[in-house]
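# Compute the structure for the input listed below.
(6 chains)
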Protein chains: 6
Amino acid sequence: MMRSDLPLSEARAYRPDLMVPDDLAEFWRATLDDAPVSWDAVRVDNGLLAIETHDVSFAGFGGDPVRAWLHLPAPGLRSGPLPGVVQFQGYNGGRGLAHEHVFWATAGYAQLVVDTRGQGSGWTTGATGDVGPAGPSQPGFLTRGIEDRDTYYYRRAYADACRAVEVLRGHDAVDPARVAVAGASQGGALALAAAALVPDLVAAVLCDVPFLCDLRRSADLAQAEPCLELVRYLGAHRDRVEQTFATLAYFDGAVLARLARAPALFSVAMMDVICPPTTVFAAFNAYGGPKGVEVYEFNDHEGGEAFQRSRQLVWLRAALGPG
Amino acid sequence: MMRSDLPLSEARAYRPDLMVPDDLAEFWRATLDDAPVSWDAVRVDNGLLAIETHDVSFAGFGGDPVRAWLHLPAPGLRSGPLPGVVQFQGYNGGRGLAHEHVFWATAGYAQLVVDTRGQGSGWTTGATGDVGPAGPSQPGFLTRGIEDRDTYYYRRAYADACRAVEVLRGHDAVDPARVAVAGASQGGALALAAAALVPDLVAAVLCDVPFLCDLRRSADLAQAEPCLELVRYLGAHRDRVEQTFATLAYFDGAVLARLARAPALFSVAMMDVICPPTTVFAAFNAYGGPKGVEVYEFNDHEGGEAFQRSRQLVWLRAALGPG
Amino acid sequence: MMRSDLPLSEARAYRPDLMVPDDLAEFWRATLDDAPVSWDAVRVDNGLLAIETHDVSFAGFGGDPVRAWLHLPAPGLRSGPLPGVVQFQGYNGGRGLAHEHVFWATAGYAQLVVDTRGQGSGWTTGATGDVGPAGPSQPGFLTRGIEDRDTYYYRRAYADACRAVEVLRGHDAVDPARVAVAGASQGGALALAAAALVPDLVAAVLCDVPFLCDLRRSADLAQAEPCLELVRYLGAHRDRVEQTFATLAYFDGAVLARLARAPALFSVAMMDVICPPTTVFAAFNAYGGPKGVEVYEFNDHEGGEAFQRSRQLVWLRAALGPG
Amino acid sequence: MMRSDLPLSEARAYRPDLMVPDDLAEFWRATLDDAPVSWDAVRVDNGLLAIETHDVSFAGFGGDPVRAWLHLPAPGLRSGPLPGVVQFQGYNGGRGLAHEHVFWATAGYAQLVVDTRGQGSGWTTGATGDVGPAGPSQPGFLTRGIEDRDTYYYRRAYADACRAVEVLRGHDAVDPARVAVAGASQGGALALAAAALVPDLVAAVLCDVPFLCDLRRSADLAQAEPCLELVRYLGAHRDRVEQTFATLAYFDGAVLARLARAPALFSVAMMDVICPPTTVFAAFNAYGGPKGVEVYEFNDHEGGEAFQRSRQLVWLRAALGPG
Amino acid sequence: MMRSDLPLSEARAYRPDLMVPDDLAEFWRATLDDAPVSWDAVRVDNGLLAIETHDVSFAGFGGDPVRAWLHLPAPGLRSGPLPGVVQFQGYNGGRGLAHEHVFWATAGYAQLVVDTRGQGSGWTTGATGDVGPAGPSQPGFLTRGIEDRDTYYYRRAYADACRAVEVLRGHDAVDPARVAVAGASQGGALALAAAALVPDLVAAVLCDVPFLCDLRRSADLAQAEPCLELVRYLGAHRDRVEQTFATLAYFDGAVLARLARAPALFSVAMMDVICPPTTVFAAFNAYGGPKGVEVYEFNDHEGGEAFQRSRQLVWLRAALGPG
Amino acid sequence: MMRSDLPLSEARAYRPDLMVPDDLAEFWRATLDDAPVSWDAVRVDNGLLAIETHDVSFAGFGGDPVRAWLHLPAPGLRSGPLPGVVQFQGYNGGRGLAHEHVFWATAGYAQLVVDTRGQGSGWTTGATGDVGPAGPSQPGFLTRGIEDRDTYYYRRAYADACRAVEVLRGHDAVDPARVAVAGASQGGALALAAAALVPDLVAAVLCDVPFLCDLRRSADLAQAEPCLELVRYLGAHRDRVEQTFATLAYFDGAVLARLARAPALFSVAMMDVICPPTTVFAAFNAYGGPKGVEVYEFNDHEGGEAFQRSRQLVWLRAALGPG
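Model (predicted):
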């Protein structure tokens, strides 16, 4: 577990000069069309006394159905509109079972745990498929549709994330002015994307060891999946290297971060071989809102885990008001 | 991830003829002396709305202090004495932070999450040390003090587990007749030990992919830590093989299981390379009380995870009455 | 590289009693509708003196465009209608570049190298995308759409393979009565599928170390990708094990093989950890036509390679007449 | 697959100051004595319509017999003297079977595929043994006879390579003024050696990811076989480090390259952990003739594969005239 | 086996500015109390003609019994007081069996092979246990009791080492003015500690690839056990990083080395991934006495082995006079 | 470290029906010609007080020079002719340095440590080269010259071993009637070969975890080098499987063992993945003289190490008389 990225002092100062596509804003404006929010929810029995759970299906990118759980503190625990947390999942995961990812609801928040389309057959399960035009790709999601910005998988996934924020803000039990986005790894990238692309809708950001930042450097440094999907794709399609990175510029968290405005708490792990720490600092340093970062010096991609949860409980309460 | 143990139909029928020490009962009677239960608890702020947490320290084996968290559903959620779950942790883990392992409390149970002495610097942290006489050992806990049944590490750990049951039963908020023990891997072994050694105190058992069962076969089949600690120890001390297994017979879950009486729900993973499935069936088939087992055919040691939690929520509610 | 499957004498005799779906024929009849064959081809410069290459696009399953190369011996080398070989590729590969996979054309055959839709970003490249309805899946193609036989990825891929045979048979330069199918690993599975599903169109089969045979046993024994995609999927979706294998029964090479009628030359590698040898014998023993098998005792999944090519040159010349 | 060598811009500029033995020319002059070329060839049936193959045996270093295949385009495809390609193989490989390595013949060249003495029991087979005086060595060829420049394995192998050029030039069907050398990895080193040691006989060079360049740096950076043979040898014979590198200086591709004069097309892979990219640039930058290099940024030692083949087809046609 | 530390020229110059605790001397003075040396020895049959062996037990830290072998040249080989070597063992080892580690006795020295308390169930066996107060720790010895300098495992181990020097010096057959300490890896750290903490008692030091030097850098660079124990501990106890390194400063070989006065022969391996070479140079450069270092450029942690033994035989004879 | 061979009770009974070549005796008689023993020895300074060492060079197979160390107990330790031990080394090793492998001399025996020709650049060094006719082979010694029994590497190595016995028997200081052969792994095979091929010259055999026994089963079961050299060779030369095993039959320890007559002490390790335990029992059960075997149940190829040494000291003293 030898360190393989820059030491902390240099990593903190790392600010790459990343290419920003001229039509970045236009691309995302066209992507996030103004279709009205549409969703429905069904109460389910989660077996838990303290949490009330609803099975949510909302219209994501292109109107495709996206599944989520809405977890609320049990009625005896709440009074007045709740602050909310939209939680995005790491690569290969989904919303899980109805009792599974309820932390923020336990802490007093309305928590929307959102599927990542097509994923959810790995560390935790999901219920949302993905259909989109896509050329030949490496197994996995990172290169699906990567031959064009319009067909790229994360165009759909980022749009779903923005729409999920609208869904939680629109729920009766929730105070729309106090909705945060949260996630680790790919979940951190999705949170960052929502904060950047619908900055007026997001009140706070919890972004842990985010994936999909400074992707060219990630492809150079990453030693583990899923970034190796991209490396293998470029190793096969040797003639598409520059075109691929031109496409990825529209989705790079370190490019998008400058558009965000909400206060954010990041975390970074200095031995992270999946999301190298400099790529996290690239996003953090570019981030456009008030911000702080917790550094875990001796952790790989697991990052701060329960220690970061403790820090987030305090920070989010301060940012949004009591849960 | 090739299967390397017997196929399911043969594994289900596996009932090894394990050596039972003549003085097994006597050894444990002497170990579990009749010192009165002694503990104190301090309310802590866990940052969670739905859970109330107390920092517990109780007198374990030899009076050594053992730490635990007592998590209760928030006052607004409870009425009358609570059913309880004593939760034991897997190898290398501890009780974690105050907000970390609260599942059963969320489900409506008084949950005591118990440190495993000396452990807790791995996947989750602990706060309890271990001091005991011990000869030369392999790094780890599995061979600490193994040169003699009286000095063996798990003598202390099993005794702590039994004492933890008494602690939760003795709490004002808890109905002492409705206290279950629960755990996975090493936690499953500790739950099994408590169920076997203080059978009158345990009302139900949740035992997932238990470690420390049929240890000679485990040493033959296990492909991963921590059982390799034992293999390496025997590979070094080539003259102590028989003596070591004679000692381990006092601690083998498949030997002790026959002493248990409470209803139990086991789970087993057929691709488990840490706790091979036959060793789990050895314990299950020997188990002395009413029992059932969930089989996960395509899982390694992670077992059923959230799927098993769903099953346990239903089963435990039936076994103990509503949480 | 220890052997981990049955020894050769037992493997040769391995004939599992696999479930054959009642409506297997009906399912495939409905899948392989009677849309007319449709394709176009454009001559390209491959840089080779001895081979003439055309870039082919034909209508595959659902009319989706599928790309292939048609390689013909240079005009100076041919006279009269050519025997043909439809070549399917292994997992993660595609038709490659225009000069890349020309072996059978060099040997005197009209060779159609067919893309496998969506693949082709690995060991060799492709140019064909895949769009299909699909629920949450493991990264990769093996579990894409596996929640239903109608949406399963290999439904589309097998249908493409059958259509490719029609394409080559329909070419002016080719003798339609002398068209073979060929492939190794996934390519072997596709060749087997075509031989089984359009038995009247296939004159000979070259099937090396085929994938996708006796899939339940494969999932038990396989130690390497891509079968582990299935194992991980089942490890996540613990509630879909039986349903998944019921779906896979429609696509299992050892089930379909009995429908084939053309003479076939198989090969099997006794140290194959990707396509375990018994699963190959399961298909071979079930195969419905005249057949032979070459056994490579000390090879992993690479199988016989050039040695098998030598054998195939002779066998195919005998089966189809001179190339 | 983290990059572990210098970034591209620095690698391009890497020009180490390598020790050149005073008597380098003399050593090689003595090695490449002026024995007349001697060989015989027997036509064999390769099973291919487009290629005519001869089994060649020629007198290599010390008169030892060395085997090769001579592949010619079928008579119907050729007119007038052919340009030629002498192809050397990568480590552990040989000339293969008679139908196996025929790419350049398919493209219209007379192709001589040369065994590397003693090798040929790995990824492809050979038929040539090696007998030479040799002290204790690591398993493998890299340290065989390394205790003295006169007994070193690659003295024999390089001399064989030079002699192979003479063989192809001497064939009736071949235009001696248009003979190229080609190879990847060890094959690239052998091509480079021939171009340097018999510069008047070589008309063009195709040198992909060459091995045996800047060997001290290779020993520092290489993470995979075969360079680790050298590392282990030096780790055992701790007293022979300087002597060993003094010997290797006579064989180092980055030392010899300056003697070459023919136009050359190199390729380098920036994630190559077997032949680190700077060691390739060390040879490329030292190369004494006109030169170009293709860079593959996201490839390991496989390099450009079919993409480089495309590039070579065009380049070689320009360099030698049409095949 | 790519080099992953600084190149030799930079490593030689590496002199980190390590924190020296203000009360370092005081801490060790208090630890090494002035209890009188106490030990007994029993002659055993080792089966060897040339060596006479005694089973020694001496009072180590806190009076705990520590076992050792005293090996003497057979009576026929010795005349007058012998020079002595106290040999400390590498991690996980012990004194072994009575015939096992007799090199220095064969060379003519009185050799005391000392157990490392609690260890000795790995590459060689031991007979000494360890009991000490200790909080939760990673499996292994490196983090045992690390929560406080007073409870840290290596406080006891270093104190044992100093006491062992006194034991050998006090033996009748030994010349107390000519006693060296020796060891590799952890053994090198123990030798260094004894040379630093009882500088008046040690006449020479043989210190090979020492462990426990510049521990913060070691934790950054080490790629293998046992330093990863520390990394994992810090990864779990994210809140104890600074406190832990403050504790380790009392035990760091590169801090203590400046207190040593005896002539020393070090060795370092430039491909050492367990004890990175710069950490060895950190200790070497800080070492307070006359010193030399052998560099093994192509070795991992095995270092110079028999070659270093040859060097040591000569050096030690010069330093202590004939054995 | 899962067991992967038969359990102990079945392994003990394993007696394969191996093919014995008709002309086995004749082949070896022709190989071991009756050239007179020829050797010289030079006293060297080994730096050791207790051991006197001579650098020996003797005429091995074909008269090739083979190096060895002759270690004698120092003159003060000996009286009368000494019993002797000829020690053969494991794969990749040599006689080492002059002070390195002196165990049996320390125990009172004249010890001849013999180089294995061509080896000695691995775990310990050697000084003897190998020159022999050899076709294409895998890197390593196991397949060198394997295309013919006359050119096979181990023909030379076994003949050297027999000659070494004659050398030690012929030394002035040695009692020729009391010379044992000893070795582990490849060294065990060489000891076994000498005992079988010159049975009248060998008085006792120490044979630990021998390599080269029941080679077809070894190739099936071995999971580590060097047996994988053979597997890879057969995987390449798919047409030489039967011929290769026919050649190996002349060298298989389990075939030769029946020719031996001297008392022998074997050892076997039940978790040995290099020399699987059944292959050792195949040789042991076939062994033609009085015999015993020590079983190490939890050891891999390291076997009994110092514990076996203890056993051997006692056994050899009984077999040969006091050292």
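
# and stretch A:78-95, how far from the chain's centre?
What separates the centre of stretch A:78-95 from the centre of its chain is 11 Å, taken as Cα atoms, centre = their mean, to the nearest Å.

# and residue A:239, how many residues sit next to it?
By other Cβ atoms under 10 Å in any protein chain shown, 11 other residues sit near residue A:239. For glycine as for every other residue, the C-beta is placed from the backbone atoms N, C-alpha and C.

# Just confirm it is within a helix.
Yes - assessed by DSSP: H, G, I helix; E, B strand; the rest coil, residue A:239 belongs to a helix.

# ok, it - contacts?
Applying Cβ atoms under 8 Å, 6 or more residues apart in numbering or on different chains to residue A:239 gives the contacts residue D:307.

# From residue D:207, how far out is it?
21 Å (Cβ to Cβ, to the nearest Å).

# what does residue A:74 give?
72 Å.

# Same drill for the two, tell me which one is more crowded.
Taking neighbours as other Cβ under 10 Å, residue A:74 and residue D:207 compare with residue D:207 leading, 32 against 20.

# and the more buried one, that's in a helix?
No - assessed with three-state DSSP, residue D:207 is strand; it does not lie in a helix.

# any low-confidence regions in chain A?
A:1, A:323 (pLDDT under 70).

# With adjacent residues omitted, what lies nearest to the residue nearest the centre of it?
Centroid-nearest residue in chain A, with Cα atoms, centre = their mean: residue A:190, separated by 2.2 Å. Among residues not flanking residue A:190 along the chain, residue A:88 sits closest, at 3.7 Å (Cβ to Cβ, 6 or more residues apart in numbering or on different chains).

# residues in the stretch 201-323 of chain A within reach of chain D, list them.
Counting by Cβ under 8 Å from any Cβ of the partner chain, the stretch 201-323 of chain A comes close to chain D at A:219-223, A:228, A:231, A:234-235, A:238-239, A:241, A:273.

# Show the buried residues in the residues you listed.
Using 16 or more other Cβ atoms under 10 Å in any protein chain shown as the burial test, these include A:219, A:220, A:221, A:222, A:228, A:231, A:234, A:235, A:238, A:241, A:273 as buried.

# out of those residues, what pair is the most spread apart?
With Cβ to Cβ as the measure, no two of those lie farther apart than A:238 and A:273, at 24.9 Å.

# Tell me which stretches of the stretch 101-250 of chain A form helices.
Under the criterion DSSP state H, counting those that start in this stretch, the stretch 101-250 of chain A carries helices at the ranges A:103-106, A:153-169, A:186-197, A:215-221, A:227-236, A:241-248.

# In CSV, list those along with distance to residue F:29.
Formatted as CSV, the helices of the stretch 101-250 of chain A follow (distance: least, Cβ to Cβ, whole Å):
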stretch, distance to residue F:29
helix A:103-106, 80
helix A:153-169, 73
helix A:186-197, 72
helix A:215-221, 64
helix A:227-236, 58
helix A:241-248, 67
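
# Could you report the neighbour count for residue A:131?
Using other Cβ under 10 Å: residue A:131 sits among 17 other residues.

# so it touches residue C:135, yeah?
No - between residue A:131 and residue C:135 there is no contact under Cβ atoms under 8 Å: 9.9 Å.

# Kindly list the longest strand within chain A.
Longest strand in chain A by number of residues, with DSSP state E as the criterion: strand A:174-184.

# who does that one touch, helix- and strand-wise?
Applying 3 or more Cβ pairs under 8 Å, 6 or more residues apart in numbering or on different chains; DSSP states H and E, we find strand A:174-184 packed against strand A:82-88, helix A:153-169, helix A:186-197, strand A:204-208, helix A:305-320.

# That one: partners in the sheet, and parallel or antiparallel?
In the sheet containing strand A:174-184, its partner strands are strand A:82-88 (parallel), strand A:204-208 (parallel), by DSSP bridges.

# Could you dump the ones you listed into CSV and include distance to residue C:314?
CSV is the format used below for the strands paired with strand A:174-184 (distance: least, Cβ to Cβ, whole Å):
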stretch, distance to residue C:314
strand A:82-88, 58
strand A:204-208, 61
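
# Quick check, residue A:47 in contact with residue A:102.
No - here residue A:47 does not reach residue A:102: they are 11.0 Å apart, not a contact under Cβ under 8 Å.

# how about residue A:255, secondary structure?
Applying three-state DSSP: residue A:255 is helix.

# Look at residue A:47 and residue A:102 and report which has more neighbours.
Ranked by neighbour count (other Cβ under 10 Å), residue A:47 and residue A:102 place residue A:102 first, with 26 against 22.

# contacting residues for that one?
For residue A:102, the contact set (Cβ under 8 Å, 6+ apart) comprises A:46, A:48, A:51, A:53, A:71, A:111, B:106.

# make it 6 Å
With contact taken as Cβ atoms under 6 Å, 6 or more residues apart in numbering or on different chains, residue A:102 is in contact with A:51, A:71.

# How many residues are close by residue A:17?
By the criterion of other Cβ under 10 Å, residue A:17 has 5 neighbours.

# which SSE is it in?
Element membership of residue A:17, judged by DSSP states H and E, is empty: it is in no helix or strand.

# Give me the phi and psi for it.
Phi and psi for residue A:17, reported as degrees, to the nearest 10, are phi -100, psi 80.

# Look up how far residue A:249 lies from it.
Taken as Cβ to Cβ, the span from residue A:17 to residue A:249 is 12 Å.

# now residue A:210
Counting by Cβ to Cβ - residue A:210 and residue A:249 are separated by 16 Å.

# Look at those two and report which has more neighbours.
Neighbours per residue (other Cβ under 10 Å) separate residue A:210 from residue A:249, with residue A:210 holding more: 29 against 19.

# interface residues of the stretch 151-300 of chain A facing chain E?
A:296, A:297, A:298, A:299 (Cβ under 6 Å from any Cβ of the partner chain).
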